[in-house]
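Asks: okay, sequence plus prediction incoming.
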Amino acid sequence: MGNNPEKGELSSPSEAAVARIVRDGVESWRPRRGPDWQDLMSRVGAGPSPLVLYTVASAALVVILVLAFIIGSALQIGALAPQPINSNLH
């Protein structure tokens with residue numbers, strides 16, 4: 001059978017043939033050029049300004065804390081739950 005399918009048969013390459021093709025491709029690969037530092041640095045510097053980043057992060061933190069307080073109060077979790085009053089009046 002091998003890599004020559006007969007009439008009406010479907011065939012795929014053998015494992016050895018696939019391994020040889022992959023090995024030849026990997027061994028023949030060479031990088032075209034070195035790292036593009038200018039392009040990399042321009043991408044890093046193209047992000048949002050620190051003021052915008054800190055503002056968004058602060059707003060997200062406030063939203064998370066408010067939601068945690070509301071959910072904790074609704075579920076009566078921890079110190080937000082009503083505390084029992086010990087009364088020894090007889």
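Replies: Looks like it arrived, so ask away. Numbers count the residues shown, from 1 in each chain.

Asks: where does Q38 land in three-state SS?
Replies: Using DSSP: H, G, I helix; E, B strand; the rest coil, the structure places Q38 in helix.

Asks: gap between it and V44?
Replies: Going from Q38 to V44 by C-beta to C-beta, to the nearest Å gives 11 Å. Glycine gets a C-beta too; all of them are placed from N, C-alpha and C.

Asks: now do R33
Replies: 20 Å.

Asks: so which of these two has more stuff around it?
Replies: V44 (8 against 5; other C-beta atoms under 10 Å).

Asks: I'd like the average pLDDT over the strand or helix carrying the more buried one.
Replies: In the assignment (DSSP states H and E), V44 maps to helix 37-45. In this model, helix 37-45 carries a mean pLDDT of 75.

Asks: neighbouring contacts of stretch 21-36?
Replies: Residues outside stretch 21-36 that contact it (C-beta atoms under 8 Å, 6 or more residues apart in numbering): P13.

Asks: quick one: end-to-end distance for it.
Replies: Length of stretch 21-36, first residue to last, C-alpha to C-alpha, to the nearest Å: 30 Å.

Asks: distance from it to the middle of the chain?
Replies: Mean-position distance between stretch 21-36 and its chain equals 27 Å (C-alpha atoms, centre = their mean, to the nearest Å).

Asks: show me where this structure has its helices.
Replies: Along the chain, the segments classed as helices by DSSP state H run 15-28, 37-45, 50-74.

Asks: what about the first one, distance to the chain center?
Replies: It stands for helix 15-28. Relative to its chain's centre, helix 15-28 lies at 32 Å (C-alpha atoms, centre = their mean).
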